[in-house]
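Trainee: structure for this input, please:
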Amino acid sequence: MRTLRTTLRGAAVATVAASLAAGAAVTALPATATPTATDEGRAMAKAAVTKADPTTRSEEKVKKPKKAAADPDFGPNVTFIDETWTADRINQLLDTVNDEEEFSLDRHQVFFEPGTYGSAAGQDDPATATGIVNAQVGYYESIAGLGAQPGDVLINGALHVEPVVGCPNNPWSCGDPGSLTRFWRSMSNLAFNPIQRPVGDDAGLPYPAGVTEPHQMRWAVSQAAPMRRVDIRGDLTVFGRYGEFASGGYLANSRVSGTIATGSQQQWFTRNTEVGGWDGGVWNMVFSGVQGAPATDFGQALPNDAKGVKTTLDSTPVSREAPFLYRGTDGELKVFVPDATTASQGVDWGTDAASGRSIPISDVYVARAGTDTAATINAAVSGGKHLLLTPGVYELDAPIRVDRARTVVLGLGYASLTPTAGNAALEIGDVPGVVVAGITVDANTPESETLVRVGTPDGGTGDAADPTTLSDVFVRVGGPWAGKAVTSIEVNSDHALLDHIWAWRGDHGQGIGWDTNTGAHGVVVGGDDVTATGLFVEHYQENQTVWNGERGRTVFYQSELPYDPPSQAAWNDGSRLGYASYRVADGVTSHEATGLGIYSFFNQGVDIRAESGIQAPNTPDVRFRSMTSVFLNGSGGLNHVINDTGAPAVGSFASPQVVSYP
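Mentor: Numbers count the residues shown, from 1 in each chain. I've put the predicted structure just below:
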């Protein structure tokens, strides 16, 4: 294995701006964000981050049904809904768990037991429909069905996400922030007969955001908001009603019988899905193993001087769907763990032995934040249990260690891990087949060298038929509180699979500043034959993604350079201007990446340059396809797309493309 240096370079000499200028960027953050620079870490955040109204808890508004006697105690942040619930009762419950602030410490998981919910009577006229299940999905809220198939839970109605309404009287004038911060929420294993209408305060606006066409549902999100294993029996729109900005997104193992309208979505990754039609695209739209996907047109001339932005792969080279909880025919809860596949296409909703394995809940340790520690969790895992993390924030003075092959770690409701002693949050040993899904990791102080480590350096362990897999794993350095970590995710195991990762050095929230939330790298890959499908890495201070292993593959990459370098001298890679976001080490001889978008918004009023967004050896078997650089706003920009190839994106809006390299 070749090794590229991964240490954080010199500190900045100037203080980061306290907030972005109003209307400054078509990018991932609201102009109203007010960062606070503090080194007090998680302890400071406890006092700083609270709910707007802590009295509106779900158990106070709605009486929850009793769980089956055989079910473990999942705690107060997990709700099970069954068919005895009326639509009004369901909507009332959902309205109590969808109002968390962006950096709240509360977490929520809602499960629907198999059944049909809501009335289909008003499906052709949503404005007058009654008896529907209809609610917005908020921060740190995961909603899932407990059926073996998505269709086992049918919702007549909509679970939707709307943009921020910045200008109620003329919303078409307020594209920013729109949906640029609609993060950290998810939906899975559900079927919808889409019937959507505005709810809550939105319903009283002169131009409600929640209006859609009949038989259409809106999921206007950005990063870390996956939709998996969903059957939408109609249309799906993934941007705001009035064209507000959005920076998503991820859709996998789903079926949308109608059309997906993308509108203002800057980029989107769709994997192993079936669609009836696709409309739109801004900069980087990638389809992998999608039946009904549009043809590749990236870089091609289109009418009105436009360029194509879509890239389609017939199949996904390596895939593994995320594990999920479901109710067996015997009434017992189980965790289904899908097998890995190669060259796959379309949906796979199987739950039989040919598709994967079922784990009885009795073989799973159900952890509770505030009760469990690293010691109690590790004792259970080392004793042979799989791990389910119920919603909450887990403060860990040692990493959760997984040293048994084929162990499953499943988070519910954005369960969050944070180290308290400069340790990692999760370490996976040199064993194959470990599956981790649905967790968020927050850096803390003192600084951690690594937050998530998969395998040990030079360990080399891996199994192509049963790859260790990280799905929906999200890392933050800063945001909820001040945090520091040199590397967010380090992958040493061969054949590992990364499926939907967002590694984010925060640029708004608590504990934000060039010297405050320090992070060199989001993802560093040392293993060979590692595959990433849906890789989002943003704002780190050196090379954001470093690939040292051979035969690596990435399908879809989205990255923003750091906003806040105080000077060019503080952000130079030796004699090279700035740091490339995606860096393949000089000694690598084989690598492949498709669908890469790297954006700049330097907000310090200084002419900061990156020589290129991608840096890689110029050798025949290191291949790239469908690349773009984008100047969003601010100053400076990118001189090239990859190495010395591609037009500059400097000084004003631009989105140059490179179709292939070399």
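Trainee: now do the buried residues in stretch 318-330.
Mentor: Within stretch 318-330, the residues that count as buried by 16 or more other C-beta atoms under 10 Å are 318-327. C-beta: built from backbone N, CA, C; applies to glycine.
Trainee: ok, residue 157 touching residue 118?
Mentor: Yes - using C-beta atoms under 8 Å, residue 157 is in contact with residue 118, at 4.4 Å.
Trainee: hmm, back to that, switch the buried residues of stretch 318-330 over to TSV; also include pLDDT, secondary structure and distance to residue 70.
Mentor: Below are those laid out as TSV (pLDDT from 0 to 100; DSSP: H, G, I helix; E, B strand; the rest coil; distance: C-beta to C-beta, whole Å):
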residue	pLDDT	secondary structure	distance to residue 70
318	98	strand	36
319	98	strand	33
320	98	strand	29
321	98	coil	26
322	98	coil	24
323	98	coil	20
324	98	strand	19
325	98	strand	14
326	98	strand	14
327	97	strand	11
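Trainee: pLDDT weak spots in this protein?
Mentor: 1-69 (pLDDT under 70).
Trainee: quick check: longest helix of it.
Mentor: Secondary structure of the chain per DSSP state H: the longest helix is helix 87-97.
Trainee: next secondary structure element downstream of that helix?
Mentor: The first helix or strand that comes after helix 87-97 along the chain, using DSSP states H and E, is strand 108-112.
Trainee: please enumerate the helices of the stretch 51-200 of the chain.
Mentor: For the stretch 51-200 of the chain, helices defined by DSSP state H, counting those that start in this stretch occupy the ranges 58-61, 87-97.
Trainee: among these, which is nearest residue 353?
Mentor: Smallest distance to residue 353 across the helices of the stretch 51-200 of the chain (C-beta to C-beta): 34.1 Å, for helix 87-97.
Trainee: convert the C-alpha atoms of the closest one to PDB, please.
Mentor: Extracted as PDB, the C-alpha positions of helix 87-97 are listed here (Å, rounded to 0.1, in the frame of the first residue of the first chain):
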ATOM      1  CA  ALA A  87     -54.900   9.300  11.000                       C
ATOM      2  CA  ASP A  88     -55.500  12.200  13.400                       C
ATOM      3  CA  ARG A  89     -53.600  10.400  16.200                       C
ATOM      4  CA  ILE A  90     -50.700   9.600  13.900                       C
ATOM      5  CA  ASN A  91     -50.500  13.100  12.600                       C
ATOM      6  CA  GLN A  92     -50.600  14.500  16.100                       C
ATOM      7  CA  LEU A  93     -47.700  12.200  17.100                       C
ATOM      8  CA  LEU A  94     -45.700  13.100  14.100                       C
ATOM      9  CA  ASP A  95     -46.200  16.800  14.800                       C
ATOM     10  CA  THR A  96     -44.500  16.300  18.200                       C
ATOM     11  CA  VAL A  97     -41.300  14.800  16.800                       C
END
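Trainee: what does the helix or strand in which residue 487 is found contact?
Mentor: Assigned by DSSP H and E, residue 487 belongs to strand 485-491. By C-beta atoms under 8 Å, 6 or more residues apart in numbering, the residues outside strand 485-491 that reach it are 6-8, 441, 443, 447-455, 470, 473, 475, 477, 498, 501, 503, 518-527, 530, 540, 549.
Trainee: filter those down to the buried ones.
Mentor: Buried members of the contacts of strand 485-491, counted by 16+ other C-beta under 10 Å: 6, 8, 441, 443, 447-448, 450-455, 470, 473, 475, 477, 498, 501, 503, 518-527, 530, 540, 549.
Trainee: helices - which of these land there?
Mentor: Assigned to helices by DSSP H, none of these qualify.
Trainee: which of these fall within strands?
Mentor: Members of these lying in strands (criterion: DSSP state E): 441, 448, 450-454, 470, 473, 475, 477, 498, 501, 503, 521-525.
Trainee: would you agree residue 390 is in contact with residue 365?
Mentor: No - if you go by C-beta under 8 Å, residue 390 and residue 365 don't touch, sitting 10.8 Å apart.
Trainee: return the distance of the residue nearest in space to the middle of the chain relative to residue 84.
Mentor: With distances taken as C-alpha atoms, centre = their mean, residue 224 lies nearest the centre of the chain, 2.2 Å away. According to C-beta to C-beta, to the nearest Å, residue 224 and residue 84 sit 33 Å apart.
Trainee: count of neighbours near the closest residue to residue 99 other than its chain neighbours?
Mentor: Nearest non-adjacent residue to residue 99, counting by C-beta to C-beta, 6 or more residues apart in numbering: residue 138, 5.8 Å away. Residues within reach of residue 138, counting by other C-beta atoms under 10 Å, total 20.
Trainee: dump the residue contacts of residue 138.
Mentor: Taking C-beta under 8 Å, 6+ apart, one finds 97-100, 185 in contact with residue 138.
Trainee: between which two of those residues is the distance greatest?
Mentor: Spanning the widest gap among the contacts of residue 138 are 99 and 185, at 12.1 Å by C-beta to C-beta.
Trainee: so which of those two has more stuff around it?
Mentor: Legend: neighbour count by other C-beta under 10 Å for residue 99 and residue 185, higher for residue 185 (26 against 17).
Trainee: any idea what that one is bridged to?
Mentor: Beta-bridge pairing for residue 185 (DSSP bridges): residue 141.
Trainee: quick one, what contacts it?
Mentor: So residue 185 contacts 137-142, 161, 221, 225, 414 (C-beta under 8 Å, 6+ apart).
Trainee: got it, and residue 167?
Mentor: 173-174.
Trainee: for it, give me phi and psi.
Mentor: Dihedral angles of residue 167 (phi, psi; degrees, to the nearest 10) stand at phi -130, psi 90.
Trainee: do residue 539 as well
Mentor: phi 70, psi 10.
Trainee: neighbours of it, how many?
Mentor: 26.
Trainee: nearest residue to it in space, please, no chain neighbours.
Mentor: That would be residue 505: by C-beta to C-beta, 6+ apart, it lies 4.1 Å from residue 539.
Trainee: now the one you found: how far from residue 638?
Mentor: Residue 505 is 18 Å from residue 638, by C-beta to C-beta.
Trainee: before we move on, what about residue 653?
Mentor: Relative to residue 638, and taking C-beta to C-beta, residue 653 is found at 13 Å.
Trainee: which neighbours do these two share?
Mentor: Shared contacts of residue 653 and residue 638 (C-beta under 8 Å, 6+ apart): residue 631.
Trainee: more neighbours, those two?
Mentor: Taking other C-beta under 10 Å, residue 653 and residue 638 do not tie; residue 638 has more neighbours (29 against 11).
Trainee: wait, that one sits on residue 612?
Mentor: Yes - counting by C-beta under 8 Å, residue 638 touches residue 612, with 6.5 Å between them.
Trainee: intersection of neighbour lists for the two?
Mentor: By C-beta under 8 Å, 6+ apart, the residues touching both residue 638 and residue 612 are residue 629.
Trainee: need the strands for the stretch 51-200 of the chain, in chain order.
Mentor: Assigned by DSSP state E, counting those that start in this stretch, the stretch 51-200 of the chain shows strands spanning 78-81, 108-112, 115-117, 133-136, 141-145, 153-160, 185-194.
Trainee: now those strands in JSON lines, with distance to residue 70?
Mentor: What follows is these, written out as JSON lines (distance: least, C-beta to C-beta, whole Å):
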{"stretch": "strand 78-81", "distance to residue 70": "13"}
{"stretch": "strand 108-112", "distance to residue 70": "15"}
{"stretch": "strand 115-117", "distance to residue 70": "19"}
{"stretch": "strand 133-136", "distance to residue 70": "27"}
{"stretch": "strand 141-145", "distance to residue 70": "19"}
{"stretch": "strand 153-160", "distance to residue 70": "20"}
{"stretch": "strand 185-194", "distance to residue 70": "20"}
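Trainee: nearest to residue 253, out of those strands?
Mentor: The nearest among the strands of the stretch 51-200 of the chain, by C-beta to C-beta, is strand 185-194 at 8.9 Å.
Trainee: quick check: what element follows that closest one along the chain?
Mentor: Per DSSP H and E, the first helix or strand lying C-terminal to strand 185-194 is strand 216-218.
Trainee: picking that back up, starting at the chain centroid, how far to the longest helix of the chain?
Mentor: From the chain centre to the centre of helix 87-97 is a distance of 25 Å (C-alpha atoms, centre = their mean, to the nearest Å).
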